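> Pasting the sequence and the predicted coordinates here, then a few questions.
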Amino acid sequence: MNNLMKGIAAGILVLGLGACGKTAEPKTDPDTGKKVEVQNKSDMTAQEVYEKVMAVSEEQKSMHAKMDIDQLIKVPSQEFEMNSKINMDMDMVMEPLSMYQKMNMDMGEQGKMDMEIYMTDAGFFMKDPESGDWIKLPNEMYEEMSGQLSGGADPTLDMNMFKEFTDDFKFEQTDDAYILTLSAAGDKFSKLFKKVATENMPAGMEMNEEQAEVMENMEVKSLEYEIFIDKKTFYTNAFNMNMDMTMEVEGEEMHIDQKVKADISKINEIDTIKIPQEILDNAVDINESMGQ
């Protein structure tokens, strides 16, 4: 099973371990504080839901993802502040690994930028945001990206580290979905975050000294991670993440507040991703343009 899909399943395991014997409570409405009425009530435990998710994830060969990201970065010592909004649409096929991605970034006073890429075994192509021309990137970038998406740690390993978050975990349901939520903060979660990030580095890659220093000086102030699982298919079809963290970069303290909303659809409905012939014919090879 591809590690991208395993990563989604890992989130279920991470959140489900501490409450594996619990059944889902009706979801609490965040506005009213009251439980929603559930007609289609399920008595499945978190562990049983996880096992179903793992089983169907073996069969997931393609998907579409839509992500909206709001991010606020502050560097107090420099009186620097940047508020950015990112909207991304992505199609992905697992074998052979292929991807089409379109992204719009609005960085306020820093300007706007659009990005569009195709990545298949025919090559890695990116649209120049300034000229609008297509550029063929080195083949090594496709190989590197493939390694990042297919490598990494097995998410079923060493999950006992999450047991201390039992009290931070919620397992809820609506008529259509199971909802797993983790709300965590403080030093224990910062340590866990660092451990997970380190252990899930892509295969064959290691942090350099600068990256390791940034990781060491990182503190997760708070995090809320919410995963939605379709009751009929057991596909993960959405997730939300809110994270507030600080880190030290080159001696400067940086604050990052990030909100992510993602919807996953068209699972197994995308057969292939083809790069338009016009792009294949007219793209400028970056190696040739640089005289390599």
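Looks like it came in fine. Residues are numbered from 1 along each chain as shown.
> how far away is Glu143 from Glu219?
35 Å (Cβ to Cβ, to the nearest Å). To be clear about C-beta, it is placed using only N, CA and C from the backbone, and glycine gets the same treatment.
> More neighbours: these two, which one.
Glu219 (18 against 11; other Cβ atoms under 10 Å).
> List the residues that contact the more buried one.
By Cβ atoms under 8 Å, 6 or more residues apart in numbering, Glu219 lies in contact with Asp187, Ser190, Met245, Thr246, Met247.
> element containing Met215?
Taking DSSP states H and E as the definition, Met215 sits inside helix 209-216.
> what lines up beside the helix or strand just after that helix in the sheet?
Downstream of helix 209-216, the next assigned helix or strand under DSSP H and E is strand 219-230. Paired neighbours of strand 219-230 in the sheet (DSSP bridges): strand 177-185 (antiparallel), strand 236-249 (antiparallel).
> pLDDT averaged over strand 219-230 - what is it?
The average pLDDT for strand 219-230 rounds to 85.
> Which positions within it qualify as buried?
Neighbour-count burial for strand 219-230, with 16 or more other Cβ atoms under 10 Å as criterion, is recorded at Glu219, Val220, Leu223, Glu224, Tyr225, Glu226, Ile227, Phe228, Ile229, Asp230.
> Pipe those residues into CSV and attach distance to Ala46 per row.
Converted to CSV, the buried residues of strand 219-230 look like this (distance: Cβ to Cβ, whole Å):
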residue, distance to Ala46
Glu219, 29
Val220, 23
Leu223, 19
Glu224, 18
Tyr225, 15
Glu226, 14
Ile227, 11
Phe228, 14
Ile229, 10
Asp230, 16
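> Need the per-residue pLDDT for Val49.
pLDDT recorded at Val49 is 83.
> Now do the same for it: helix, strand or coil?
With DSSP: H, G, I helix; E, B strand; the rest coil as the basis, Val49 sits in helix.
> Could you find the closest non-adjacent residue to it?
Nearest non-adjacent residue to Val49, counting by Cβ to Cβ, 6 or more residues apart in numbering: Tyr178, 5.4 Å away.
> Could you tell me which residues make contact with the one you found?
Residues in contact with Tyr178, defined by Cβ under 8 Å, 6+ apart, are Ala24, Ser42, Met44, Val49, Phe171, Glu172, Phe228, Ile229, Lys231.
> these two touch, right, the fourth one and Tyr235?
No: counting by Cβ atoms under 8 Å, Val49 sits too far from Tyr235 to count as a contact (11.9 Å).
> Spit out the residues that contact these two alike.
Ile229.
> The two - which one has more neighbours?
Each of Val49 and Tyr235 has its neighbours counted (other Cβ under 10 Å); Val49 has more, 23 against 20.
> re earlier: can you put the contacts of Glu219 in JSON lines and add neighbour count?
Shown next, in JSON lines, are the contacts of Glu219 (neighbours: other Cβ atoms under 10 Å):
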{"residue": "Asp187", "neighbour count": "9"}
{"residue": "Ser190", "neighbour count": "18"}
{"residue": "Met245", "neighbour count": "17"}
{"residue": "Thr246", "neighbour count": "16"}
{"residue": "Met247", "neighbour count": "17"}
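> Tell me the one among these nearest to Lys261.
Met245 (18.1 Å; Cβ to Cβ).
> Quick check: the closest residue in space to that closest one that isn't next to it in sequence vs Tyr118, distance?
Leaving aside its chain neighbours, Met245 sits nearest to Val220 (4.8 Å; criterion: Cβ to Cβ, 6+ apart). As judged by Cβ to Cβ, Val220 and Tyr118 stand 35 Å apart.
> With Asn40 instead?
Asn40 sits 41 Å away from Tyr118, going by Cβ to Cβ.
> Equivalent analysis for Ile227, please.
For Ile227 relative to Tyr118 (Cβ to Cβ), the value is 29 Å.
> Which residue ranges of this structure form strands?
Using DSSP state E, the strands of the chain run over residues 25-26, 62-75, 80-93, 98-106, 112-120, 123-127, 134-137, 169-173, 177-185, 219-230, 236-249, 252-265, 284-285.
> would JSON lines of those strands with distance to Thr32 be doable?
Listed next are the strands of the chain as JSON lines, based on distance: least, Cβ to Cβ, whole Å:
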{"stretch": "strand 25-26", "distance to Thr32": "12"}
{"stretch": "strand 62-75", "distance to Thr32": "25"}
{"stretch": "strand 80-93", "distance to Thr32": "29"}
{"stretch": "strand 98-106", "distance to Thr32": "33"}
{"stretch": "strand 112-120", "distance to Thr32": "38"}
{"stretch": "strand 123-127", "distance to Thr32": "46"}
{"stretch": "strand 134-137", "distance to Thr32": "50"}
{"stretch": "strand 169-173", "distance to Thr32": "15"}
{"stretch": "strand 177-185", "distance to Thr32": "16"}
{"stretch": "strand 219-230", "distance to Thr32": "18"}
{"stretch": "strand 236-249", "distance to Thr32": "19"}
{"stretch": "strand 252-265", "distance to Thr32": "21"}
{"stretch": "strand 284-285", "distance to Thr32": "57"}
